[in-house]
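A.B. asks: heads up, no residue letters with this:
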C-alpha cells in the first residue's frame, strides 16, 4: 500500500542540550511530522512558536493534531505550554492530544495544569505503549531510554513506512531490537567523542554510538540531529559523510528548516531547506 501524498518530516530545530539551546546557534524548535494529513509535533523546545510562524511555508499551530514530549527537559519542552495554547486557539477549541511521560506531568510539571484542560486528551507514555493516530498510522513507544529524565523514543508505522526516532539516551544493545527494522531512523547525537565514564554521567549518544546504531539498524536513510556544541564545531555534514561511508547507509545531517520528503527517500533531492 502506498503512503499518502505529501508526507514529510520537517526539522524546525536541530539544537541539542543546553548550550546550543541557550545560544540559539541552532534552533531548539523540535520536529514536525506530517503523515497522511496527521500533524504531530515532537519536542517543542524554546522558540518553537516563533519558528512555526517564520517557516516557509508558514506552519499554523492550529493545524496540529498532537504534541509529543520525549521527556521534560527544557530543550525539548520549553514551548510546550504555548504550543498547546496555539493548537487549541487559546483554549477556545478543546482538541488535540498531548503525549508525555508521567514525569513531565507530575511533581514539578513542565506541562502546566491549566493548559491540560484545553486538550482533547492526555496520554501518559510508557514502554510498550501504542496508539492509533489515524487510520493506518500507529505510534508506539517501544522502550524507556537510559537518560537523566523519564524518556521515550517513538516508532511510527504507516501503511507503507516505518519511522523510528531515537531520542536522548545512553547506548544500550536493546535499542537495536526495539528500533529495527525501519525505513527512516532519526538519531539524537549530542556528543562528539567522549569516554565511557563521561557518557555514563551525561547519558547521550556520541558519534561512535550513533554510527553503531545506524549500522546495526540499517534503515533506508538515517538523519542525525540534536547536536551539541562539539558536534557543531566538528561540522555535522562532514560527520554524516563519514558515517555513510562506514555504515553503507545514507546518513543526512539535519539542518534547521530541512524537510525530509518521504515520497523521495532514495533520491538526492529528498532533503530540502524551507
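C.D. replies: Arrived safely. Predicted, not measured: the structure shown is a model, and the values here were computed from it.
A.B. asks: just checking, residue 184 touches residue 249?
C.D. replies: No: contact criterion Cβ atoms under 8 Å: residue 184 and residue 249 do not qualify, at 11.1 Å. Every C-beta, even on glycine, is put in place using the N, C-alpha and C of the backbone.
A.B. asks: shared neighbours, the two?
C.D. replies: The contact sets of residue 184 and residue 249 overlap at 219, 220, 221, 222 (Cβ atoms under 8 Å, 6 or more residues apart in numbering).
A.B. asks: ok, residue 183 to residue 217 distance?
C.D. replies: Distance, residue 183 to residue 217, using Cβ to Cβ, to the nearest Å: 10 Å.
A.B. asks: so where's this structure shaky on pLDDT?
C.D. replies: Scanning the chain for pLDDT under 70 picks out the ranges 1-5, 265-274.
A.B. asks: How many residues are close by residue 244?
C.D. replies: The burial count assigned to residue 244 is 17, neighbours taken as other Cβ atoms under 10 Å.
A.B. asks: nope, residue 238 is what I was after
C.D. replies: Neighbour tally, residue 238, other Cβ under 10 Å: 10.
A.B. asks: Repeat that for residue 80.
C.D. replies: Counted with other Cβ under 10 Å, the neighbours of residue 80 add up to 27.
A.B. asks: same question, residue 6
C.D. replies: Look at residue 6: counted by other Cβ under 10 Å, it has 12 neighbours.
A.B. asks: right, and the pair among the shared contacts of residue 184 and residue 249 with maximum separation?
C.D. replies: Using Cβ to Cβ, the shared contacts of residue 184 and residue 249 span at most 8.6 Å, a distance reached by 220 and 222.
A.B. asks: Overlap in contacts, these two.
C.D. replies: With Cβ under 8 Å, 6+ apart, residue 220 and residue 222 have common neighbours 184, 249, 250.
A.B. asks: how close does residue 53 sit to residue 67?
C.D. replies: Using Cβ to Cβ, we find residue 53 at a distance of 17 Å from residue 67.
A.B. asks: Just say helix, strand or coil for residue 163.
C.D. replies: At residue 163 the chain is in strand, as set by DSSP: H, G, I helix; E, B strand; the rest coil.
A.B. asks: That one and residue 222, how far apart?
C.D. replies: Computed as Cβ to Cβ, the residue 163 to residue 222 distance reads 11 Å.
A.B. asks: Name the SS class of the residue of the chain positioned farthest from its centre, please.
C.D. replies: Taking Cα atoms, centre = their mean as the measure, the residue most remote from the mean C-alpha position of the chain is residue 92, 28.0 Å away. Secondary structure, three-state DSSP: residue 92 is coil.
A.B. asks: what distance separates the helix or strand hosting residue 49 from the centre of its chain?
C.D. replies: According to DSSP states H and E, residue 49 maps onto helix 48-54. From the chain centre to the centre of helix 48-54 is a distance of 17 Å (Cα atoms, centre = their mean, to the nearest Å).
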